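Engineer: sequence? don't have it. structure:
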Ligand SMILES: Nc1ncnc2c1ncn2[C@@H]1O[C@H](COP(=O)(O)OP(=O)(O)OP(=O)(O)O)[C@@H](O)[C@H]1O
């Protein structure tokens, strides 16, 4: 530990780099990578992609015609036969004009593809994040993968499309140049390779360096973002200032950002070295090209006109080949990010809430927790150790216990949000694992300790409880608002139910903590389910609102299974049965009177709270 209480080896350490790819493995991956990109393109914008491809073929044909016509034109020009050179010169001009026009049309069609691809990919990512089970959000590795998919892969997917098109275009242009060079003299083909190999090597090296850097710094980047969110967020702003935590935040940000900068500088310097070496070798290759052409001319193997056209063809070919290598390498690099994206989307399909296919009872009468154990992903000890409880429709069960004793965890297991590691939750005797998870979710309301503050209108904040519930005349909405006390909140809003509840947008309105809580309770009531779990529903409410809420909830319990988590033992007192959790086990259970008579922990905690209300 440091003086600041921070861990010496921080959790935002450098990650282990992923696979260090060799040249052959990277080339082997090219078809799969291009295939993956094209699969997204085919879904997002198939017509424009096909048009781009067709136009690229036309452009390559025009290039080949232009190069071959150049040799004819040069031959006649060199023999000072200007008039007979005119048709060949016209052909050259026509071929290059056509290539220019096709280039403009290609760019127009191409411009539509990457945005369409990003839209499709982002939509898939959004759906993937919403699909995964809750436990995935407790897994830091999952977060890293999600961050990579969101920040890097989406960005690189658009660029990968550009590069896939560039790859096709460059490959066709290389093909055109190769045809032209081979027609002019096959020996010139070898010359092309000498020019292009060094730059290909350097581009590939530098791609590997970039990807290695990215995989090493995922967590660092995530940490910087979290700290930035803290410094720039609206909600933490007050507490940061009140705690005078600005310096502490700045220091931590500085340490993380410095580490990130050092990594970035290191990779940039290494890339510069590699590229410089590539350029030097490329220059050497160009010298060799001219020497080879000179030799062929000297030996009289090619005439001067063909040598002139060959220079143009070699230049076109080597430029296109460089484009090809660059596009291939960039595509490979981006392919690694696209692979991250694909992996995340695939993982999201397998990491969904488990469950069976049996329809759940419409109104479960008996809910039993049997010997449930649960450990959070990466947790060093279980949060629940062999917990059992029984709840029945029409009766209220209270869960009480000290902080960290496992109440909220149990609530989420009861709500089917976490699957128990051992043991089972049963509805009318049937294991939840056998029931259709959508049915299970449909029957449950969980109002958590820190409910979501939807950045929407007051109406949406309540209707979000069951957004597709038909509610003609707002009857259910108004009833939920009445029971929760949200009606008084809405009455005070400038545009009533239509008031936007987010100061992050123009015209937005902010609520107090207790007012938000009333909306959250209304949301739970609007959901109208046979099983309700309230996790500290009254904590932020004023005494009048708290009293009114518990009066309302009492009526609500009829015909429903109600589980109430609370630290205010006066409100647990009215529950039909009370379970006291301690360090993940049920330490005591019974009615209030039984627990008081037993004189155990519950009696002790109750006595402590009662003392706070007793006259001094
Ligand atoms: N998402 C999580 N990932 C890992 N551990 C967790 C997570 N949530 C809770 N825990 C751990 O599980 C244990 C039980 O936590 P839980 O939130 O269930 O307690 P609780 O009884 O509801 O506490 P409180 O009264 O403070 O709300 C604690 O030790 C806590 O640190």
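Structural biologist: Great, that's in hand. Bear in mind the structure is a predicted one, so any value in this text is a computation, not a measurement.
Engineer: distance of the residue nearest to residue 605 when sequence neighbours are not counted relative to residue 180?
Structural biologist: Of all residues not flanking residue 605 in the chain, residue 569 sits nearest, at 6.2 Å (C-beta to C-beta, 6 or more residues apart in numbering). In this view, the C-beta of every residue, glycine as well, is placed from N, C-alpha and C. Residue 569 sits 89 Å away from residue 180, going by C-beta to C-beta, to the nearest Å.
Engineer: the two: which is more packed in?
Structural biologist: Shown here are residue 569 and residue 180; by other C-beta atoms under 10 Å, residue 180 has more neighbours (26 against 22).
Engineer: how about the strands in the stretch 451-600 of the chain?
Structural biologist: Remark: strands assigned in the stretch 451-600 of the chain by DSSP state E, counting those that start in this stretch are 531-535, 561-565, 577-582, 585-590.
Engineer: need the ones you listed in a markdown table with mean pLDDT, distance to the ligand and mean neighbour count, can you?
Structural biologist: Below are the strands of the stretch 451-600 of the chain laid out as a markdown table (pLDDT from 0 to 100; distance: least, C-beta to the nearest ligand atom, whole Å; neighbours: other C-beta atoms under 10 Å):
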| stretch | mean pLDDT | distance to the ligand | mean neighbour count |
| --- | --- | --- | --- |
| strand 531-535 | 92 | 7 | 24 |
| strand 561-565 | 93 | 7 | 25 |
| strand 577-582 | 96 | 6 | 23 |
| strand 585-590 | 96 | 12 | 18 |
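Engineer: mind putting the ones you listed in JSON lines, distance to residue 523 included?
Structural biologist: Converted to JSON lines, these look like this (distance: least, C-beta to C-beta, whole Å):
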{"stretch": "strand 531-535", "distance to residue 523": "12"}
{"stretch": "strand 561-565", "distance to residue 523": "16"}
{"stretch": "strand 577-582", "distance to residue 523": "26"}
{"stretch": "strand 585-590", "distance to residue 523": "30"}
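Engineer: report whether stretch 361-378 contacts the ligand.
Structural biologist: Yes. Using C-beta under 6 Å from any ligand atom, stretch 361-378 comes into contact with the ligand via residue 376.
Engineer: give me the distance between residue 502 and the ligand.
Structural biologist: 26 Å (C-beta to the nearest ligand atom, to the nearest Å).
Engineer: also residue 197?
Structural biologist: 53 Å.
Engineer: adjust the sequence numbering to begin at 22 for everything that follows.
Structural biologist: Got it, the first residue is 22 from now on, which makes the last one we talked about residue 218.
Engineer: mind pulling the model confidence for the closest residue to that residue other than its chain neighbours?
Structural biologist: The shortest distance from residue 218 to any non-neighbouring residue, by C-beta to C-beta, 6+ apart, is to residue 306 (7.2 Å). At residue 306, the model reports a pLDDT of 77.
Engineer: can you name every helix or strand that the helix or strand containing residue 306 contacts?
Structural biologist: In this assignment (DSSP states H and E), residue 306 forms part of helix 267-319. Taking 3 or more C-beta pairs under 8 Å, 6 or more residues apart in numbering; DSSP states H and E as contact, the helices and strands that helix 267-319 lies on are helix 209-237, helix 239-253, helix 325-371.
Engineer: how distant is the last one from the center of its chain?
Structural biologist: Computed by C-alpha atoms, centre = their mean, to the nearest Å, the separation of helix 325-371 from the middle of its chain amounts to 27 Å.
Engineer: got the angle for it vs helix 239-253?
Structural biologist: 70 degrees (axes from the mean of the first three to the mean of the last three C-alpha atoms, to 10 degrees).
Engineer: pull the number of nearby residues for residue 163.
Structural biologist: 18.
Engineer: element containing it?
Structural biologist: helix 161-168.
Engineer: packing partners of the next helix or strand after that helix?
Structural biologist: Next helix or strand after helix 161-168 toward the C-terminus (DSSP H and E): helix 175-205. Helices and strands touching helix 175-205, by 3+ C-beta pairs under 8 Å, 6+ apart, are helix 44-65, helix 67-99, helix 103-131, helix 134-152, helix 209-237, helix 325-371.
Engineer: go with 6 Å
Structural biologist: helix 44-65, helix 67-99, helix 134-152, helix 325-371 (3 or more C-beta pairs under 6 Å, 6 or more residues apart in numbering; DSSP states H and E).
Engineer: and stretch 522-541, which residues are buried?
Structural biologist: Across stretch 522-541, burial judged by 16 or more other C-beta atoms under 10 Å covers 522, 532, 535-541.
Engineer: next one: stretch 107-116
Structural biologist: So stretch 107-116, judged by 16+ other C-beta under 10 Å, has buried residues 109-110, 112-113, 116.
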